[in-house]
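Undergrad: Give me a 3D structure for the following:
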Amino acid sequence: MSLSKMKIDTGSSPSQNYSLPKGIQLGIAVGIPIAMIAAVGVCWWSGVFSSRKPDVKKPHPKDKTLDKLKTSDEVVKPKREDLRPMYTKLKEEGNDCFKKADYVTALELYAKAIEAGPPSSDLAALYQNRAAVFEKLGDWVQVINESAAALKIQPKYIKALSRRSKAYRLTGFLNEALEDITAVCVLESFGVPSSIQTADEILKEIGKLEADRLMKEKKPCAPSNHSVASFLRAFYCDPVTIWWREPSADTLLTNGENTGDGARPSLGGFEAALEALRSQTFDDIIELCTEEIEVTTDSKYKDEAYMLRATFRHLWGYRDEVIEDLRKVTNSKTASDEMKASAWVKMGSQISMQDDSEYENCFKKAIDLYPNCVDIYHQLGQILLTKSDFEGAVELINKANTICPDFPLAAASKWYVEYRIASLTQNEQGVTSAIKNFLKCMRKFDKSPDVFNLYGQILMELGRFQEAIVQFDMVIKLDPNNAAIYVHKAVAQYQMEGNVDKVLGLLRDSLKIDDRNEFVYETIGTLELQAGNLEAAISAITKALEFAKSNQELMMLCSLKKAAEVQTIVKDKYNLEVPTVASYGNPGY
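TA: From the prediction side, this is the model:
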C-alpha cells in the first residue's frame with residue numbers, strides 16, 4: 001500500500017472473521033434545547049413574582065413577522081451535548097491531525113486517548129493508528145513496536161500484521177516479515193491478491209539469499225543416468241556427445257590394437273573414462289579423467305580428458321572447477337578449434353546459470369572459432385528462452401536449424417518457440433501453423449523422445465490433457481528410464497481429475513526408475529504443499545535440494561520450502577487450518 005493511500009483506523013477493531021471492519025457509529029445523546037430551558041426559567045420566575053398572566057397578542061394570520069424570526073440568522077441554533085467518551089474525542093482529534101499531516105500532535109492525542117482507558121478493541125486500534133503515524137515518519141522500529149502492542153491485544157489483527165510485515169521487511173527481518181504476511185494470507189483465506197503478491201516477493205528474497213548460501217556450501221552429487229543422457233542429447237557437435245553416441249567398443253581396443261587372444265588389455269585414464277561413457281557407467285568418469293591428467297605421462301588425451309571431466313563436473317554440480325577445466329581447453333595449443341568452440345559454449349552455459357552477463361562473450365568467442373557450430377546457436381537460444389526473450393531465441397534457433405536440419409531437439413525447439421510467440425500475441429493462425437509444422441517434425445524425428453515431449457508441453461498449455469498424456473506415453477516407450485516424463489504425465493492427470501493421491505502415487509513410482517531426479521521430488525513437494533500436507537512437502541523439497549545444481553533451481557526450491565515451513569509456524573501459532581491452494585506450480589502461495 002502506498003503512503004498516499006494509507007487510512008487511519010476510525011475506531012474499528014478486528015472482527016471475529018478477521019475482515020477489516022467498516023467502523024462503529026457512536027450514538028450522541030440529544031440535550032435539552034437552550035431556548036426551552038430559558039422559557040421554563042422565565043415562566044418559573046414570573047410565577048414567583050407575579051400571579052398575573054401576561055397579555056399575549058396572537059399574531060394576525062397574514063403577519064409574517066414570526067416566520068422571519070424563525071429564519072433569521074441572528075437566532076442561535078440549539079447545541080447538542082457531547083456525551084462521547086474522552087478517548088473517542090481524543091482519537092478523532094488525532095485522526096483529524098493525521099489527515100492534516102500534523103503527525104506530532106496526532107501522536108500526542110493518540111497517547112492521551114490510550115491513557116483515557118478505552119476498551120481493548122479501541123485500544124488496539126489506537127496503537128495501530130500510532131503505527132500509521134510512525135510509518136508516515138519512516139520510523140520503522142516504532143512501527144514494529146506499536147503494531148506489536150496492537151497484536152498483543154488482538155493477535156489476529158490483519159491491519160497490524162500487514163503493517164508490521166512491511167516494517168520488518170524494510171529493516172531486513174525477512175523471516176519475521178514473511179511470517180506476518182503469511183498469517184495475513186491465511187486469515188484472508190488467500191483471497192487478497194496484494195497480500196499474496198507481497199508474500200511471493202518476500203519468499204523470492206529469502207529464497208535468493210538461502211540459495212546463495214547453499215551454493216557456497218553445497219557438495220557435488222552424482223547425477224542420474226537419465227539426467228546425463230538428457231544433457232548430452234541437448235548438444236549435436238560437442239565432442240563428448242559424439243563420443244557418447246558412438247557404439248560401444250567392448251570388442252575393440254580404443255587405440256585399435258589387439259592382444260592376439262581376443263582379450264582386451266586393461267584400460268586406464270581417458271580410455272577407461274571413454275568406455276564408461278559409452279557403457280553409461282558414469283560415476284567413475286571424473287576420477288578416470290583426473291588419472292589421465294595427473295598421472296599419465298606424455299598423455300595424448302589431455303585436452304579430451306579436460307573436456308570430459310568439465311562436462312561431468314558440471315553434471316555433478318561443481319562450479320569453479322568446471323570453468324577451470326574448460327579454460328584448460330580454450331587455452332590449449334593442441335586442442336582443435338572445434339573443441340575450443342565447444343568449450344566456450346559450455347562455459348557460457350555454465351556462467352549463465354549464475355545470472356552473469358559475461359556468458360555472451362563466451363558465445364562470441366565460440367562463433368569466432370567455429371561459426372557453423374550448431375550448438376552455439378541452439379544453446380544460446382535456450383538461454384534466451386529462460387529469460388523470456390522469445391524473438392531473440394527464435395532467431396538463434398532458426399539459425400541452428402539452417403546449419404543442421406537433422407538435429408531433433410533444435411527442430412522441435414524452433415516450432416515450440418514459434419508456438420509460444422503466436423500464443424502470447426493471440427495469433428490463432430500462428431498457433432495453428434506452429435502445431436501443423438510440429439506434427440511434420442514429429443513424423444521426421446519419430447524416434448526422438450525430446451520431440452514428443454515438447455509437443456506434449458504444447459498440448460498441456462492448450463488444455464488438451466488427454467492428448468498430452470498420449471504424447472508422454474510415447475516418450476515413456478522411447479525412453480523408459482525417463483522419470484521426469486512421469487511428472488508431466490502426472491500433472492496432466494491432475495488437471496483432468498484433481499486426484500492428488502493418485503498423482504502422488506504415480507510420482508513416487510517414478511522414483512523407482514530414478515531416485516536422483518530433482519524434478520520429481522520438487523513436484524511431489526509442490527502438490528503436498530498445495531494439499532496442506534506441510535510436513536510431507538518439506539520432506540520432499542529437502543530431498544530435491546540434494547540434487548539441485550543451478551542457482552535458479554536452488555532459489556525456487558528454497559522459496560518453496562520456506563513457504564511450507566512458515567505456513568506450519570502460522571498454523572501452530574494462530575491455531576488455524578491453512579487453506580489448500582488450487583493452482584499447480586505456484587510456490588506456496
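Undergrad: Flag the shaky bits of the chain, pLDDT-wise.
TA: Across the chain, residues meeting the criterion (pLDDT under 70) sit at 1-83, 247-266, 355-356, 580-589.
Undergrad: tell me the SS of residue 503?
TA: helix (DSSP: H, G, I helix; E, B strand; the rest coil).
Undergrad: Pretty sure it sits against residue 492.
TA: No - contact criterion CB atoms under 8 Å: residue 503 and residue 492 do not qualify, at 9.4 Å. In short, each C-beta sits where N, CA and C put it, glycine included.
Undergrad: Near the closest residue in space to residue 519 that isn't next to it in sequence, how many residues? Count them for me, please.
TA: Setting aside the residues directly before and after it, residue 519 is nearest to residue 484 in space (CB to CB, 6 or more residues apart in numbering), at 4.9 Å. Counted by other CB atoms under 10 Å, the residues lying close to residue 484 total 21.
Undergrad: ok, now how distant is residue 484 from residue 475?
TA: Distance, residue 484 to residue 475, using CB to CB, to the nearest Å: 9 Å.
Undergrad: roughly how far out does stretch 470-488 sit from the chain middle?
TA: 27 Å (CA atoms, centre = their mean, to the nearest Å).
Undergrad: so how far is residue 360 from the residue lying closest to residue 358 once chain neighbours are set aside?
TA: Ranked by CB to CB, 6+ apart and with sequence neighbours excluded, the top spatial neighbour of residue 358 is residue 351, at 5.5 Å. Distance from residue 351 to residue 360, counting by CB to CB: 9 Å.
Undergrad: How about residue 427?
TA: 30 Å.
Undergrad: And residue 477, by the same measure?
TA: Distance of residue 477 to residue 360, given as CB to CB: 39 Å.
Undergrad: next one: residue 437
TA: Taking CB to CB, one finds residue 437 at 30 Å from residue 360.
Undergrad: Over to residue 462?
TA: 34 Å.
Undergrad: Can you classify residue 221 by secondary structure?
TA: coil.
Undergrad: residues in contact with it?
TA: Shown in contact with residue 221 (CB atoms under 8 Å, 6 or more residues apart in numbering): 316-317, 516, 546-547.
Undergrad: helix or strand for residue 525, which one?
TA: Per DSSP states H and E: residue 525 is located in helix 518-530.
Undergrad: and if you look at residue 101?
TA: Using DSSP H and E, residue 101 sits in no helix or strand.
Undergrad: so which strand or helix has residue 406?
TA: Going by DSSP H and E, residue 406 is not part of any helix or strand.
Undergrad: Can you give me the neighbour number for it?
TA: 11.
Undergrad: Correct me if wrong: residue 295 contacts residue 287.
TA: No - look at residue 295 against residue 287 with CB under 8 Å: they stay out of range, at 10.8 Å.
Undergrad: quick one, which of the two is more surrounded?
TA: Neighbours around residue 295 and residue 287, counted as other CB under 10 Å, are more numerous at residue 287. The numbers are 13 against 10.
Undergrad: where's the more buried one relative to residue 137, distance?
TA: Using CB to CB, we find residue 287 at a distance of 63 Å from residue 137.
Undergrad: do the same with residue 563
TA: For residue 563, the distance to residue 137 - CB to CB - is 33 Å.
Undergrad: same check, this time on residue 297
TA: In this view, residue 297 and residue 137 are 74 Å apart by CB to CB.
Undergrad: and what of residue 400?
TA: Per CB to CB, residue 400 is found 58 Å from residue 137.
Undergrad: Check residue 406 too.
TA: According to CB to CB, residue 406 and residue 137 sit 68 Å apart.
Undergrad: Can you give the distance from the strand or helix carrying residue 184 to the centre of its chain?
TA: For residue 184, the host element (DSSP H and E) is helix 174-187. Centroid separation for helix 174-187 versus its chain: 15 Å, with CA atoms, centre = their mean.
Undergrad: send the alpha carbons of that helix over as CSV?
TA: Included here for helix 174-187 are C-alpha records, laid out as CSV according to Å, rounded to 0.1, in the frame of the first residue of the first chain:
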residue,chain,number,x,y,z
LEU,A,174,12.7,-11.1,6.2
ASN,A,175,11.7,-14.2,8.1
GLU,A,176,9.6,-12.2,10.5
ALA,A,177,8.1,-10.2,7.6
LEU,A,178,7.2,-13.5,5.9
GLU,A,179,5.6,-14.9,9.0
ASP,A,180,3.3,-11.9,9.4
ILE,A,181,2.3,-11.6,5.8
THR,A,182,1.6,-15.4,5.7
ALA,A,183,-0.7,-15.0,8.7
VAL,A,184,-2.5,-12.3,6.8
CYS,A,185,-2.8,-14.6,3.7
VAL,A,186,-4.2,-17.4,5.8
LEU,A,187,-6.6,-15.1,7.7
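Undergrad: what packs against that helix?
TA: On a contact count with 3 or more CB pairs under 8 Å, 6 or more residues apart in numbering; DSSP states H and E, helix 174-187 meets helix 158-170, helix 193-217, helix 551-574.
Undergrad: Any buried residues in it, and which?
TA: The neighbour-count check on helix 174-187 (16 or more other CB atoms under 10 Å) flags 174, 176-187 as buried.
Undergrad: Can you lay out those as CSV showing distance to residue 234?
TA: Formatted as CSV, the buried residues of helix 174-187 follow (distance: CB to CB, whole Å):
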residue, distance to residue 234
174, 36
176, 42
177, 40
178, 36
179, 41
180, 43
181, 39
182, 38
183, 44
184, 43
185, 39
186, 42
187, 46
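Undergrad: now the helices for the stretch 201-350 of the chain?
TA: Ranges of helices within the stretch 201-350 of the chain are 225-233, 239-245, 269-278, 285-294, 302-316, 320-330, 337-352, based on DSSP state H, counting those that start in this stretch.
Undergrad: hmm, who's touching the helix or strand just after the last one?
TA: Proceeding C-terminally, helix 337-352 gives way to helix 359-369 as the next helix or strand, assigned by DSSP H and E. When contacts are taken as CB under 8 Å, 6+ apart, the neighbours of helix 359-369 outside the stretch itself are 330, 337-338, 340-342, 344-345, 347-349, 351-352, 373, 376, 379-380, 383.
Undergrad: buried subset of the residues you listed?
TA: 330, 340-342, 344-345, 347-349, 351-352, 373, 376, 379-380, 383.
Undergrad: what's the nearest residue to residue 105 if we skip its chain neighbours?
TA: In space, residue 105 comes closest to residue 97 once its chain neighbours are excluded; the distance is 4.5 Å by CB to CB, 6+ apart.
Undergrad: In contact with the one you found, which residues are there?
TA: 103, 105-106, 109.
Undergrad: Could you pull up the contacting residues of the closest residue to residue 544 other than its chain neighbours?
TA: Distance criterion CB to CB, 6+ apart; nearest residue to residue 544, sequence neighbours excluded, is residue 521 at 3.6 Å. When contacts are counted by CB under 8 Å, 6+ apart, residue 521 touches 511, 540-541, 543-544, 547.
Undergrad: Now for the residues you listed: which two are most distant?
TA: The span of the contacts of residue 521, defined through CB to CB, is set by 511 and 541 at 14.5 Å.
Undergrad: And these two? Which one has more around it.
TA: Neighbours were counted for residue 511 and for residue 541 using other CB under 10 Å; residue 541 has more, 29 against 16.
Undergrad: isn't the more buried one right up against residue 525?
TA: Yes - with contact defined as CB under 8 Å, residue 541 counts as touching residue 525 (3.7 Å).
Undergrad: what touches both of the two?
TA: Joint contacts of residue 541 and residue 525 (CB under 8 Å, 6+ apart) are 557, 560-561, 564.
Undergrad: Save the contacts of residue 521 as JSON lines, and put in secondary structure and distance to residue 272 too.
TA: Output for the contacts of residue 521, formatted as JSON lines (DSSP: H, G, I helix; E, B strand; the rest coil; distance: CB to CB, whole Å):
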{"residue": "511", "secondary structure": "coil", "distance to residue 272": "31"}
{"residue": "540", "secondary structure": "helix", "distance to residue 272": "37"}
{"residue": "541", "secondary structure": "helix", "distance to residue 272": "38"}
{"residue": "543", "secondary structure": "helix", "distance to residue 272": "32"}
{"residue": "544", "secondary structure": "helix", "distance to residue 272": "33"}
{"residue": "547", "secondary structure": "helix", "distance to residue 272": "26"}
